[in-house]
Structures are given as C-alpha cells and as structure tokens.
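Provided below are the primary sequence and the corresponding predicted coordinates.
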Amino acid sequence: MQLKENRRRRPGSDTQIAPALAAATCALLGPGTPSAVVAQEQPLPELAPWSIDTAMLYYGESDGRVQDFSLSALARKELKEDGFLTLSFALDTLTGASPSGAAPSILPQTFTRPSGEDSYTVAAGEQPLDDTFQDTRFALAANWQWPVTRLALLDVGVSFSDEYDYTHTGVNARIARDFNNRNTTLSLGAALANDTIDAVGGAPIPLAPMLGTNDLRNRQSGDQSKDVLDLLLGLTQVVNRNTVVQINYSLSSADGYLTDPYKLLSVVDPDTGLPVAGPAGAGVNLHLFESRPESRDKQSVFVLLKRNLNGNVLGASYRHMTDDWGIDSDTVDLRYRFELGGNRYLQPHLRFYSQNAADFYHTVLFAGQPVPQFATADYRLGAFDAVTIGVKFGMDTRRGELSTRLELYQQTGDPDPAARVGALAGLDLYPDLSAIIAQFSYKFGR
Amino acid sequence: MNHRTAHIPARARWRRLAVLAFSLGAATLEGCAGVQPWDRDVLARDEMQLAADPLETSLDEHIYFSKEASSGGRGFGGGGCGCN
C-alpha cells in the first residue's frame, strides 16, 4: 500500500488540490488510459533522496548476564520512479554470562567451558552461568522494491550475518497487490535461509555427558547447519480515514541443527535432588548436553491496528504462535504516540508475552530414569511470562528526527514442578531475567 | 417467572451486542470501500505506517528472538543469530 510514497507528489494543501487530484485519479484508474499520455501531461516526479535511520542501542541484563552494545543503520533511496533500494547494517558487541541450563546446587559445582580447555566453579546456591560469553555480530541486508504493474509491487532481498560461531545467509521475496481502490493489499512472501553453526570446541553429541578439561570425546566433527523456510500471507485493509489494519499468517519450517551447543541439563538424584557423579575420571558432576528435534514447524497469526486519535497514534498488535515442539505463545504490544506540540512526541510502550514450555523441557533429569530422546533445560524453552514497559521521546529538528527510548524487560518463569525434589526445593530453579533497553536514534534525509 | 426475568436482560444484552457488531461491521465496510486517495492525509503520515520505525522494530525483534521461543509474524527478519 503506497500511502507514504504517494504523499510527496501532492503539492499544495489538500483542499485546493482535491478536485484536481480526484480528476487525475479517475483518469489513472480509468480503463485503457495509455500510460504514455499520462507521462506527457505530468512532469517527471523528482526521485526521493536517501533517507537514513541510525540507532545506538544498549541492552543490559542484570546479575552480570548478557550485555549488548549495538550500532545499526537503515538507508533507503528511490533509484527509479517507485523503485526503492533499502540497505541495512548492524554491529553487535556481546559480552557477559548466559545461563548454561544446568541446575543450581546446595554444593559448589565445577563446569568445563564450551571450548573444553578450561573450567569454572559456581558457588553453592548460585545459578550456573558461563561467563566467557562474548561475540561480535555483523549483519547486512539489502532489498529492492519496485512496481511490477500499476497495482503490484515486488520486493526481493538478501540477508547475511556473521558472528564467531554462526553464519547466516538468506534470500527473500514478497509480492503485494492493491485492490479495492488501493484500500486493500494482499501480499505473499517467502524467505529461505541457510545457517551454519561452528560451535566453540565442536558441537556436542546430543545427550553426551560433559567431560573434564581437554577431553573432547563428546564432540562431533565439522560444522552444523540448518535451513529455514518462511512463508507469509498478509492482508492490509484501510478501514477508514484514521484506521488501518494488517493481518498476517505465517509458516516457518526449520530443518537441521536446532540444538544450542552450549546448553546443559543436570542429572540429579530423584530423592535428594543432589548432583550425581559424572563419568569416571572427569572430575565433574553429571550434566548432559541438550538435544532438540531436527525439525520445527511454527505457525503464527499477527494482527496490527494503527489508529489516529485526534492527532495521536495508537499502534496495537497481537500475535499468537504455535509450533510442533508444543509451544504456544501470545504477544500483545501497545504503543501510544502523544503529540506534545512543537514537533515533539512521547510514546509509552507496553508489551506482554506469555509462552508455555516445549514438550521436551526439563529443569533437571533424574538419575536411574530413562533419558528422553529430546531434552533441554534452556530457560527460553520453558514456561514464562514477560513484560516490557518503556517510553520513547522524539523531536523533529530542522535536520532530522532525534529520539530516545528507555525500556525495562522482565521475564518471570516457572521451573518444571517435578524438579522440586530434596535439596532443589529450596533453590531458585528458573533464572528470572531483568534487562534494560536504552536507545538513541537519529533519522535524516527524509 | 424467575426463569423469564433472568433471561430478558441477557437477551437484551445480546441484542445490543448484535446491533453494535452490525454497526461496526457496516461502518467498517463503508470505510473499506470509501477512503479515496485524496482522503489519505492522515494515513500517509510517517507514524501511521504499518512499519513506522523499521530499524527499531528489527532491533526489538532481534532482542525478543534471542530471549523467547517465538519470533516473526510481522515479516521476515534480517539475519539469524546463534544467540545465547
């Protein structure tokens, strides 16, 4: 729906040009209008200049967990009439510690680092975190969008990202067609990605026990990879002068290595909840590397409403996702942009998220019981609720738009109730997460 | 008698809901057919675009993709990650 692009071709005020534009629109919409005639009557429109969005973002989790400092930019240029090139770039610098999936214990525990070259000790009662987590991620994407007919747009793109142990390459395409006097847009898109995982120390054999330092018998050789196919069917509807609604249905199918190579599950005594000894001579407790299925199919429905309310803008969205790992999630996102006058605005933001656990999520495994084919203790596949609360302030300056936002993100989860046995009953078995998001943005050239 | 009086308000509620739904539906249909190009000044504003701030959206999606089991829905992401 070319609402935005059409605006710059509208000279003067709406009231003065309405009849002229109406006549021009009728001429354009009329059947059999030769485009050459229209082209002769109208001067060639000036191509839009580069418009550039830049952002600096800090994401910081409490308790010394993940910190991300990110620089990103998105540039858009009209290279031929209604043909837009979009380029985006992001650089992330990640440091900090990430929960390994292992359960805390009333006794100190020693863990071998993912590289296998070193070990670290976690104090009694503390959440096992691997503090060697650091990475630099670089991402690039390019898209080219152009009209293929008077009412249809095609958008094709490529994406690439690289970090120490992970490389992504992807292609995508989307076609959108307007109907109903451009009040309705139907779009169909597809994206294909191939990602390569080159795990530090080698990807572990699923469900193999963690071994002592310099013992990599539990690792597979070579890189791992996965393919992801995404399909998206979208409907956008202008409801009235102040309201537009979007409804998307999407399917995502991933095949290949979907396991997190650094996540563990602790094996504990089913009565006492105490750790059990690992393989002979390893000098560590029994912790198994996680194992996930090699395919995952997700479906989601996403609805977005944008509504102008006396100059202020409400943006409300809802997403329901379901997958064949047994996860269902709901997300509600609300933003309300208050115009403060003087080209300044304030935009509060609330987001609510809730998911249940994957079928194969286990906070711990129990010694003496059969080991399931698939198991993970990754908190991201457990049951939790999350809330984001934030506010953004923006102002238009003569050169561009300056904005800043501050948000708090809080996850609160529940461990598998079966895990509350013996010594584990008194420990915090689900690592709650608190993070702040701070961002400065500057947009110019529009 | 009690049975009847208990149901009247409920029926009235349903009628009101039906009238409301019909009015909303009618207003929506009327709106769907009727927003002309020269009436799109509000819809053309930057903040009324469906992707009003694509850079911020992609940053948010990257964060939530890294921390939750769900992703996507709105469109396609701009690169995967082996996020921890």
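Received the coordinates, thanks.

Give the closest residue to A:K226 in space, chain neighbours not counted.
Distance criterion Cβ to Cβ, 6 or more residues apart in numbering or on different chains; nearest residue to A:K226, sequence neighbours excluded, is A:G256 at 3.1 Å. Every C-beta, even on glycine, is put in place using the N, C-alpha and C of the backbone.

List the residues that contact the one you found.
The contact partners of A:G256, taken as Cβ atoms under 8 Å, 6 or more residues apart in numbering or on different chains, are A:D195, A:Q224, A:S225, A:K226, A:D227, A:E294.

neighbours around A:E117, how many?
12 (other Cβ atoms under 10 Å in any protein chain shown).

quick one: pLDDT of it?
Looking at A:E117, its pLDDT stands at 91.

before we move on, what about B:D39?
Value listed for B:D39 in the pLDDT field: 91.

Also A:R446?
pLDDT recorded at A:R446 is 75.

follow-up on the earlier one: for ChimeraX, what selects the buried ones among the contacts of A:G256?
Buried subset of the contacts of A:G256, written as a ChimeraX selection, criterion 16 or more other Cβ atoms under 10 Å in any protein chain shown:
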select /A:195,224,226
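
for the contacts of A:G256, which one is nearest A:G278?
Nearest to A:G278 among the contacts of A:G256: A:Q224, at 24.3 Å, using Cβ to Cβ.

Spatially, which residue comes closest to that closest one, not counting chain neighbours?
Closest to A:Q224 by Cβ to Cβ, 6+ apart is A:Y257, at 3.5 Å.

Now the phi/psi pair for that neighbour, please.
phi -90, psi 100 (degrees, to the nearest 10).

Please name the residues that touch it.
A:I197, A:A203, A:Q224, A:S225, A:K226, A:E294.

again, only this time at 10 Å
A:195-197, A:199, A:203, A:206, A:220, A:223-226, A:292, A:294 (Cβ atoms under 10 Å, 6 or more residues apart in numbering or on different chains).

Next secondary structure after the least confident helix or strand in chain B by mean pLDDT?
Of the helices and strands making up chain B, the lowest-confidence element is helix B:2-34, at a mean of 51, by mean pLDDT, DSSP states H and E. Next along the chain after helix B:2-34, taking DSSP states H and E as the criterion, comes helix B:54-67.

Could you export that next one as CSV, CA atoms only?
Taking C-alpha atoms only, helix B:54-67 is exported to CSV below (Å, rounded to 0.1, in the frame of the first residue of the first chain):
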residue,chain,number,x,y,z
PRO,B,54,11.7,-0.4,10.8
LEU,B,55,15.1,0.0,12.4
GLU,B,56,13.6,0.0,16.0
THR,B,57,11.3,-3.0,15.0
SER,B,58,14.2,-5.0,13.8
LEU,B,59,16.2,-4.3,16.9
ASP,B,60,13.3,-5.3,19.1
GLU,B,61,12.7,-8.5,17.1
HIS,B,62,16.3,-9.4,17.4
ILE,B,63,16.2,-9.0,21.2
TYR,B,64,13.0,-11.0,21.6
PHE,B,65,14.1,-13.6,19.2
SER,B,66,17.2,-14.1,21.4
LYS,B,67,15.2,-14.4,24.6
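
Can you confirm whether it lies near chain A?
Yes. Using Cβ under 10 Å from any Cβ of the partner chain, helix B:54-67 reaches chain A at B:P54, B:L55, B:E56, B:S58, B:L59, B:D60, B:H62, B:I63, B:Y64, B:F65, B:S66, B:K67.

most surrounded residue in these?
Neighbour counts for these peak at B:H62, which has 27 neighbours (criterion: other Cβ under 10 Å).

looking at it, that residue is touching A:S72, isn't it?
Yes. B:H62 is within contact range of A:S72, at 9.2 Å (criterion: Cβ atoms under 10 Å).

what touches both of the two?
Common neighbours of B:H62 and A:S72 (Cβ under 10 Å, 6+ apart) are A:L57, A:A90, A:D92, A:A139, B:G78.

Tell me the buried residues within the residues you listed.
A:L57, A:A90, A:D92, A:A139, B:G78.

And the residues you listed, which is closest to A:L346?
A:L57 (19.4 Å).

name the element that closest one belongs to?
Going by DSSP H and E, A:L57 is in strand A:51-61.

what pLDDT, on average, does that strand get?
In the prediction, strand A:51-61 has an average pLDDT of 97.

between the helix or strand that comes right after it and helix B:54-67, how many degrees?
Going down the chain from strand A:51-61, the next helix or strand is strand A:67-80, by DSSP H and E. For strand A:67-80 against helix B:54-67, the angle by axes from the mean of the first three to the mean of the last three Cα atoms, to 10 degrees is 140 degrees.

Quick check: A:L309 vs chain B, distance?
From A:L309 over to chain B the distance is 11 Å, taken as Cβ to the nearest Cβ, to the nearest Å.

The closest residue to that residue other than its chain neighbours - how many residues pack around it?
Using Cβ to Cβ, 6+ apart and skipping the chain neighbours, the partner closest in space to A:L309 is A:N242 (7.5 Å). Look at A:N242: counted by other Cβ under 10 Å, it has 18 neighbours.

which residues sit in contact with A:N242?
Contacts of A:N242 (Cβ under 10 Å, 6+ apart): A:K306, A:R307, A:N308, A:L309, A:N310, A:V313, A:L314, B:G31, B:V35, B:V42, B:L43, B:M48.
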